[in-house]
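Student: need the 3D shape of this:
(one chain, ligands or ions: 1)
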Amino acid sequence: MVKINVGGCGSFVKDSDYKSYVAKALDAFDTLKAGNGAGNDFLGWKTLPVDTPEKLLDDIDSVKADWKSKGVDLVVVIGIGGSYLGARCAIEALSHSFIRPEGSPQVIFAGNNLSEDYIAEALDLAKTRNTAVVVISKSGTTTEPAIAFRIFKEYIGKTYGATEASQRIVAVTDASKGAVTTLSDNMGYRTFVVPDNVGGRYSVLTPVGLLPIALAGFDIRAMLRGAADEMKELQARSAENPAVQYAAMRNLLYDNGKAVEILVSYNPKLVYFAEWWKQLYGESEGKEGKGIFPASVANTADLHSMGQFIQEGSRVMFETVLNVEKAAREVCVGPDPDNLDCLNYLAGSRVEHCNAMARLGVKVAHIDGGVPQMEVDIEKIDEYNLGAAFYFFEFACGVSAYTLGINPFNQPGVEAYKKNMFALLRKPGYEAQTEEILKRI
Ligand code: PA5
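Tutor: Numbers count the residues shown, from 1 in each chain. From the prediction side, this is the model:
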């Protein structure tokens with residue numbers, strides 16, 4: 001289960017202040033549990049680990065089996081934001097860094113940007129492979145995935161024919177509205193539903209995340225079990241509840257001038273976990289002129305790029321280290337009779353020991369440099385522990401945002417750029433704005 005250590009913040013805050021922030025976080029916890037806070041029509045994620053019907057998982061299995069029988073070896077998953085990052089996070093974390101497992105298709109992502117080069121290169125790959133597509137959009141109206149889907153739909157139709165295309169495209173979308181729903185009905189695609197009461201960034205444990213993760217060959221039942229066990233852990237109304245501690249400490253640090261939180265990992269498999277976390281916290285809390293800016297580093301690589309700033313730059317940040325207790329593999333530094341690299345003092349040591357010593361050395365250095373540090377520990381990187389970590393950070397986000405006095409479940413600011421982009425793209429209905437914006441650029 002997820003563990004937290006807030007001890008590395010102790011020298012930056014008064015114990016009495018921490019206790020009062022724990023009290024505030026407990027009030028926020030009550031609000032989240034009772035479901036009577038702002039945005040409470042988006043609380044479906046809270047019970048997904050125990051509510052997800054076996055039938056849904058069986059339906060996911062049947063897409064997997066069907067595509068396996070067709071020899072599909074590439075799945076293009078189209079989506080953006082909350083309809084993308086959870087699946088990518090899990091697949092990157094669980095996959096071998098270099099070798100694709102036998103028996104499962106490669107999963108790549110599209111529709112998460114508007115780069116023409118990117119989409120052209122994704123098509124290059126598709127043309128060499130036996131390809132299927134998953135399109136994910138809750139609203140069914142988001143421009144980036146809509147453009148990518150139009151291009152891949154055409155490619156799949158031309159390559160495999162209309163009847164086969166309807167078997168090679170699966171949609172994850174709203175139950176009744178949006179262009180993807182209409183298209184799916186017309187074209188006969190298999191569909192999975194994004195529940196109305198689950199927002200994008202809280203949707204990794206719906207088919208939005210589960211379908212791509214399963215297609216990549218990973219055990220979604222174990223992921224849901226991990227989330228369910230974590231859900232149980234977080235039910236206690238207690239100052240020891242790790243979600244309450246995390247919410248209390250980050251809000252206290254924020255009110256003491258620490259407006260940037262850096263999620264730190266020491267395993268490159270977790271780079272996309274940080275991307276998922278940044279969206280979750282950034283989009284949930286960054287409103288009304290408030291909120292902690294979520295950033296990330298991947299150490300030890302980033303110690304050689306961002307380390308200087310974190311050690312000695314503007315003192316605005318604190319760190320949350322996402323620590324993995326056990327490496328899955330064992331690699332030792334060997335002895336060398338010549339010792340020209342002067343590393344014999346490490347002969348026999350595991351590389352992970354060096355990683356741990358780097359992490360602890362950084363902890364002390366950064367605390368000395370004025371950067372408070374929390375640690376969030378998971379036992380290892382597997383489906384079960386990732387499920388627990390997803391649930392932990394989602395729940396803690398709800399508690400934290402309510403502690404800050406913010407609705408964690410809306411994202412009003414995301415619309416601003418879209419209106420300008422539509423006006424510039426001359427979307428029908430935006431004619432007046434087009435003239436206005438052209439004067440300003
Ligand atoms: O968290 C969110 O709500 C957003 O990131 C959305 O998931 C993202 O904008 C994609 O939206 P949609 O799934 O409607 O295409």
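Student: report the contact partners of Pro294.
Tutor: Pro294 sits next to 261, 263, 277-278, 281-282 when contact means Cβ atoms under 8 Å, 6 or more residues apart in numbering. Using the backbone N, CA and C atoms, a C-beta is placed for each residue, glycine as well.
Student: any idea how far the ligand is from the closest residue to Leu303 other than its chain neighbours?
Tutor: Computed as Cβ to Cβ, 6 or more residues apart in numbering, the closest residue to Leu303 that is not its neighbour in sequence is Val362, at 6.6 Å. Note on Val362: its distance to the ligand, by Cβ to the nearest ligand atom, to the nearest Å, is 31 Å.
Student: that older thread, which pair in the contacts of Pro294 spans the largest distance?
Tutor: Leu263 and Gly282 (11.1 Å; Cβ to Cβ).
Student: neighbour count: the two, which is higher?
Tutor: Shown here are Leu263 and Gly282; by other Cβ atoms under 10 Å, Leu263 has more neighbours (23 against 17).
Student: ok, the closest residue to the ligand within the stretch 101-250 of the chain - contacts?
Tutor: When scored by Cβ to the nearest ligand atom, the stretch 101-250 of the chain has Gly200 as its residue closest to the ligand, at 2.2 Å. Shown in contact with Gly200 (Cβ under 8 Å, 6+ apart): 81-83, 138, 208.
Student: including secondary structure and distance to Ser69, could the residues you listed go into a markdown table?
Tutor: Putting those into a markdown table (DSSP: H, G, I helix; E, B strand; the rest coil; distance: Cβ to Cβ, whole Å) gives the following:
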| residue | secondary structure | distance to Ser69 |
| --- | --- | --- |
| Gly81 | helix | 32 |
| Gly82 | helix | 31 |
| Ser83 | helix | 27 |
| Lys138 | coil | 29 |
| Val208 | helix | 25 |
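Student: save those residues as CSV, and put in pLDDT, neighbour count and distance to Tyr21 too.
Tutor: Converted to CSV, the contacts of Gly200 look like this (pLDDT from 0 to 100; neighbours: other Cβ atoms under 10 Å; distance: Cβ to Cβ, whole Å):
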residue, pLDDT, neighbour count, distance to Tyr21
Gly81, 97, 20, 30
Gly82, 97, 25, 28
Ser83, 98, 29, 34
Lys138, 91, 26, 34
Val208, 98, 31, 33
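Student: ok, and of these, which contact the ligand?
Tutor: 81-83, 138 (Cβ under 6 Å from any ligand atom).
Student: what does the chain have sitting close to the ligand?
Tutor: 80-83, 137-139, 142, 145, 199-201, 283, 411.
Student: narrow those to those in strands?
Tutor: Among the residues of the chain next to the ligand, the residues falling in strands (DSSP state E) are Ser137.
Student: for the ligand, what's the nearest residue on the stretch 251-400 of the chain?
Tutor: Counting by Cβ to the nearest ligand atom, the stretch 251-400 of the chain gets nearest the ligand through Glu283, at 5.6 Å.
Student: can you report how many residues neighbour the closest residue in space to that residue that isn't next to it in sequence?
Tutor: Distances taken as Cβ to Cβ, 6+ apart place Gln411 nearest to Glu283, at 5.0 Å, with adjacent residues excluded. Counted with other Cβ under 10 Å, residues neighbouring Gln411 total 19.
Student: quick one, grab the pLDDT at Gln411.
Tutor: The predicted structure scores Gln411 at 93 on the pLDDT scale.
Student: right, and it touches Glu285 too?
Tutor: No: in this structure Gln411 lies outside contact range of Glu285 using Cβ atoms under 8 Å: 10.8 Å.
Student: secondary structure element for the residue nearest the centre of the chain?
Tutor: Nearest to the mean C-alpha position of the chain, by Cα atoms, centre = their mean, lies Trp276 at 2.0 Å. Trp276 is part of helix 271-285 when elements are defined by DSSP states H and E.
Student: for that helix, packing partners?
Tutor: Secondary-structure packing of helix 271-285 (3 or more Cβ pairs under 8 Å, 6 or more residues apart in numbering; DSSP states H and E): helix 85-94, strand 260-265, strand 293-298, helix 383-404.
Student: between the longest one and helix 85-94, how big is the angle?
Tutor: Taking axes from the mean of the first three to the mean of the last three Cα atoms, to 10 degrees, one finds helix 383-404 and helix 85-94 inclined to each other by 140 degrees.
Student: fine, thanks again, bye for now.
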